[in-house]
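**Student:** The following comprises the amino acid sequence and a computationally predicted model.
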Amino acid sequence: MPKSADRGRRTREQLIDAAAALVGEVGWGAVTTRLVAERAGVNAALVHYHFSSVSELLSTAALQFATRVLGESADALRSVPPADGVERLFEDLSRFTGTDPESLLLAEAFLAAHRLPELRAGLSALVADFRSRVAAWLGDAGVEDADGVALLLGAAIDGLVLHRALDSSVDFRAVAGSFRRLVAG
């Protein structure tokens, strides 16, 4: 790959990383071209060279992050039985406080998705894929109503992160036993 293409790819990634961090710090609506460029250490013109708008940049950042997190979670489940996988999911969730930059990025992206059809479509596809992968994992292990349990598990995860944002004492592991019993039949 030519050096200029490498440099362009690195700049694009720097912009995406800067945008993702800024959403968690100042909120989706307060992220500007200037803030992103300053955080990324690049000229502000490069923001619009790589992205048609700040909304596109923010959407790209949110979708990239959500793709990574949901993919890692679904991949981690493949190698363990459902009861252990549920325990692992809720243990992994403990890193999200609801007020950390990653939680805020996702919360802001879900809100923005109601105004940005492309973001909504992207997030919808990611959530559906995650739910499908979890349902397949549960179904392969013989869990009854795997589709329903996967939907319930996904909704519980989202709700728990929201609850924790309001009450820092919420411990995700407190519900792991209930879900363990649900997937054990």
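**Tutor:** Noted; the coordinates are in hand. Numbers count the residues shown, from 1 in each chain.
**Student:** Identify all contacting residues around stretch 62-69.
**Tutor:** 16, 20, 23, 102, 105-106, 108-109, 112, 119, 122-123, 126 (C-beta atoms under 8 Å, 6 or more residues apart in numbering). C-beta: built from backbone N, CA, C; applies to glycine.
**Student:** Next, find the distance separating the residue nearest to the spatial centre of the chain from residue 158.
**Tutor:** Among the residues of the chain, residue 66 comes closest to the average C-alpha position under C-alpha atoms, centre = their mean, at 2.8 Å. Distance, residue 66 to residue 158, using C-beta to C-beta, to the nearest Å: 12 Å.
**Student:** now residue 13
**Tutor:** 27 Å.
**Student:** and what of residue 91?
**Tutor:** On the measure of C-beta to C-beta, residue 91 and residue 158 end up 17 Å apart.
**Student:** cool, and residue 3?
**Tutor:** Counting by C-beta to C-beta - residue 3 and residue 158 are separated by 43 Å.
**Student:** what's the answer for residue 123, then?
**Tutor:** 11 Å.
**Student:** got it, and residue 80?
**Tutor:** 22 Å.
**Student:** and if you look at residue 131?
**Tutor:** 11 Å.
**Student:** quick one, helices of this structure?
**Tutor:** 3-26, 33-40, 45-50, 54-77, 82-93, 101-112, 117-140, 146-166, 176-184 (DSSP state H).
**Student:** Now do stretch 101-109, average pLDDT.
**Tutor:** For stretch 101-109, mean pLDDT is 91.
**Student:** For it, list the C-alpha coordinates in CSV.
**Tutor:** Below are the C-alpha coordinates for stretch 101-109, written out as CSV (Å, rounded to 0.1, in the frame of the first residue of the first chain):
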residue,chain,number,x,y,z
PRO,A,101,-17.2,7.1,27.6
GLU,A,102,-18.0,3.8,25.9
SER,A,103,-21.5,3.5,27.5
LEU,A,104,-22.2,7.1,26.7
LEU,A,105,-21.1,6.6,23.1
LEU,A,106,-23.6,3.8,22.7
ALA,A,107,-26.4,5.6,24.6
GLU,A,108,-25.9,8.7,22.5
ALA,A,109,-25.8,6.6,19.3
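**Student:** Show me what counts as buried in it.
**Tutor:** 102, 103, 104, 105, 106, 107, 108, 109 (16 or more other C-beta atoms under 10 Å).
**Student:** Just the closest of those residues to residue 40, please.
**Tutor:** residue 105 (16.1 Å; C-beta to C-beta).
**Student:** Can you tell me, leaving aside adjacent residues, what's nearest to the closest one?
**Tutor:** residue 23 (4.8 Å; C-beta to C-beta, 6 or more residues apart in numbering).
**Student:** Contact partners for the residue lying closest to residue 179 once chain neighbours are set aside?
**Tutor:** Nearest residue to residue 179, sequence neighbours excluded (C-beta to C-beta, 6+ apart): residue 86, at 4.4 Å. Residues in contact with residue 86 (C-beta under 8 Å, 6+ apart) are 153, 176, 179, 180, 182, 183.
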